[in-house]
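Student: the amino acid sequence is not available; the structure is as follows:
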């Protein structure tokens, strides 16, 4: 069946495996009939009633009856649909601990990369390379392109890990998992790629700065400009080379599909359409905006590289979104608060660095005039959170009432209610063999019909 196995008829082999699997599934489903599940989808006649029920506490104990807005049918994530509050809480604690461990472990490649950017430290650690490092071309490649390439290679492993961690946090919607993974990858990137690289070296071991917050602007003013060349190379490596080539050619997916088809003897005739990689692309775009905001007055040379990235990125991603990717769910603008928070953080960081720069340059007037800027930015952020953030969390009652009034005179609502009965059907209640689902009822057998006849009523 594979490279080193005896060749057999794949049709007969998988037919026997399917028969065994179908028998096991039927046995499990038969034993599940009549059992109660501690979770359910509840439908209401009006949108306003559903919104009120979702936001009210249902029982005396707030952890006994948990309610939330139901996601779209194609957006449901079933594994944690009936999970208890205690299980979800324990999973969240475990995910937080795992994220901390991954963040600490990622400091190893960061320190390795910073060792490559300083040839003098590299010669001390590896004295036998001193002769090779004196060659100009080799030293330029090692200090310029190689560190950012190594760091980006390690960073490419982070988004899949964060998706796995977010999927065990108890979310019941794929969109919630995607948003949670996006936030994790974003702050992981900001901390490990920006701050860990900026503060590495001697500054990394100066823990006394934590007890003297007044020195933080001064420390950033010295450390951030020193890494300008590294981040320019990182934009070229991660932005130009990797992002554009991976999006245009999609070599990883092609190689993986070839591997599955030839080595694993599996090949789907229908090509699976990829979905939007929000959790990996949005953090990269926001991280480059952070680099542009913090370095535009420290190292303006980075701006042309970022401008080229955003211009070509607009063209490429527009094509991918329209012609390549197929969304699994409707985001509903849920990622805009993430973009807003990252932008506000970048502005405040830029203000702090500017205060430190003006302090080092002995320009007290400019430093004093910069102090109100982070305060004004936080005030603007507070206004935006009060004015716009509630629109992303729920629908206003006025809009819901207007929609309900329109539904009263809509003749298609009766058919909508009938479809709603079977819209949220557990995948385990669907027919086992889809290949014969389209046959006529006269030719149907017990293997093609749903195993639980009453499944449509739940």
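Tutor: Noted; the coordinates are in hand. Computed from a predicted model, the values in this text were never measured in an experiment.

Student: can I take it that residue 195 is in a strand?
Tutor: No: Residue 195 sits outside any strand when classified using DSSP: H, G, I helix; E, B strand; the rest coil, being helix.

Student: distance check, it against residue 187.
Tutor: Distance of residue 195 to residue 187, given as CB to CB, to the nearest Å: 10 Å. All C-beta spots, glycine's among them, are computed from the backbone N, C-alpha and C.

Student: ok, now residue 248?
Tutor: Relative to residue 187, residue 248 is positioned 29 Å away (CB to CB).

Student: compare these two (neighbour count), which wins?
Tutor: Neighbour totals were compared for residue 248 and residue 187, and residue 187 leads with 16 against 13 (other CB atoms under 10 Å).

Student: what about the more buried one, which SS state?
Tutor: Three-state assignment for residue 187 (three-state DSSP): helix.

Student: and if you look at residue 369?
Tutor: Three-state call for residue 369 (three-state DSSP): helix.

Student: and it, how many neighbours?
Tutor: For residue 369, which is what you asked about, the neighbour count (other CB under 10 Å) is 13.

Student: ramachandran angles for residue 276?
Tutor: Reported as degrees, to the nearest 10, the phi and psi values for residue 276 are phi -70, psi 120.

Student: which ones are touching it?
Tutor: Remark: with contacts taken as CB atoms under 8 Å, 6 or more residues apart in numbering, residue 276 is in contact with 321, 325, 327-328.

Student: again, 6 Å this time
Tutor: Residues in contact with residue 276 (CB atoms under 6 Å, 6 or more residues apart in numbering) are 325, 327.

Student: what packs against the helix or strand encompassing residue 359?
Tutor: Secondary structure assignment for residue 359, by DSSP states H and E: helix 336-360. Using 3 or more CB pairs under 6 Å, 6 or more residues apart in numbering; DSSP states H and E, the elements in contact with helix 336-360 are helix 216-226, helix 278-295, helix 364-370, helix 372-387.

Student: if you compare those helices, which one is most tucked away?
Tutor: Comparing the helices and strands packed on helix 336-360 by mean neighbour count (mean count of other CB atoms under 10 Å), helix 278-295 comes out on top with a mean of 21.

Student: can you list contacts of that helix?
Tutor: Here helix 278-295 has contacts from 159, 163, 178, 181-182, 185-186, 189, 231, 302, 306, 342, 346, 349-350, using CB under 6 Å, 6+ apart.

Student: what do you get if the cut-off is 7 Å, keeping everything else the same?
Tutor: 159, 162-163, 178, 181-182, 185-186, 189-190, 193-194, 224, 228, 231, 235, 238-239, 243, 302-303, 306, 309, 335, 338-339, 342-343, 346-347, 349-350, 353 (CB atoms under 7 Å, 6 or more residues apart in numbering).

Student: ditto for stretch 339-356
Tutor: Contacting residues not belonging to stretch 339-356 are listed as 186, 217-218, 220-221, 224, 286, 289-290, 293-294, 297, 367, 370-371, 373-374, 377, 381, 384 [CB under 7 Å, 6+ apart].

Student: just the buried residues of it, please?
Tutor: Residues of stretch 339-356 classed as buried under the neighbour-count rule (16 or more other CB atoms under 10 Å) are 340-356.

Student: then stretch 230-244?
Tutor: Counting neighbours by 16+ other CB under 10 Å, stretch 230-244 gives 230-239, 242-243 as buried.

Student: start and end of stretch 180-200, how far apart?
Tutor: Across its full length, stretch 180-200 reaches 28 Å between end residues, using CA to CA, to the nearest Å.

Student: what mean pLDDT does it get?
Tutor: Stretch 180-200 comes out with an average pLDDT of 89.

Student: in it, what counts as buried?
Tutor: Within stretch 180-200, the residues that qualify as buried are 180-190, 192-200, counting by 16+ other CB under 10 Å.

Student: equivalent analysis for stretch 80-92, please.
Tutor: Within stretch 80-92, the residues that count as buried by 16+ other CB under 10 Å are 80-81, 83, 88, 91.

Student: closest to residue 389 out of those residues?
Tutor: Among those, residue 88 lies closest to residue 389 (CB to CB), at 23.9 Å.

Student: returning to that earlier point: the buried residues of stretch 80-92: which two are farthest apart?
Tutor: Spatial extent of these (CB to CB) is set by the pair 81 and 91 at 13.9 Å.

Student: which residue, other than its chain neighbours, is closest to residue 47?
Tutor: Of all residues beyond its chain neighbours, the one nearest residue 47 is residue 400 (4.3 Å), with distances taken as CB to CB, 6 or more residues apart in numbering.

Student: give me the element the one you found is part of.
Tutor: helix 397-408.

Student: which secondary structure elements does that helix contact?
Tutor: Counting contacts by 3 or more CB pairs under 7 Å, 6 or more residues apart in numbering; DSSP states H and E, the secondary-structure elements packed against helix 397-408 are helix 47-55.

Student: so for the helix it packs on, what's the average pLDDT?
Tutor: When pLDDT is averaged over helix 47-55, the result is 87.

Student: elements contacting whichever helix or strand comes after it?
Tutor: Downstream of helix 47-55, the next assigned helix or strand under DSSP H and E is helix 85-105. Applying 3+ CB pairs under 7 Å, 6+ apart, one finds that helix 85-105 makes contact with helix 158-167.

Student: quick one: residue 302 from residue 230, how far?
Tutor: Distance, residue 302 to residue 230, using CB to CB: 11 Å.

Student: sorry, wrong one. I was asking about residue 104.
Tutor: 22 Å.

Student: and residue 368, by the same measure?
Tutor: Counting by CB to CB, the gap from residue 368 to residue 230 is 32 Å.

Student: and what of residue 335?
Tutor: Taken as CB to CB, the spacing of residue 335 relative to residue 230 amounts to 28 Å.
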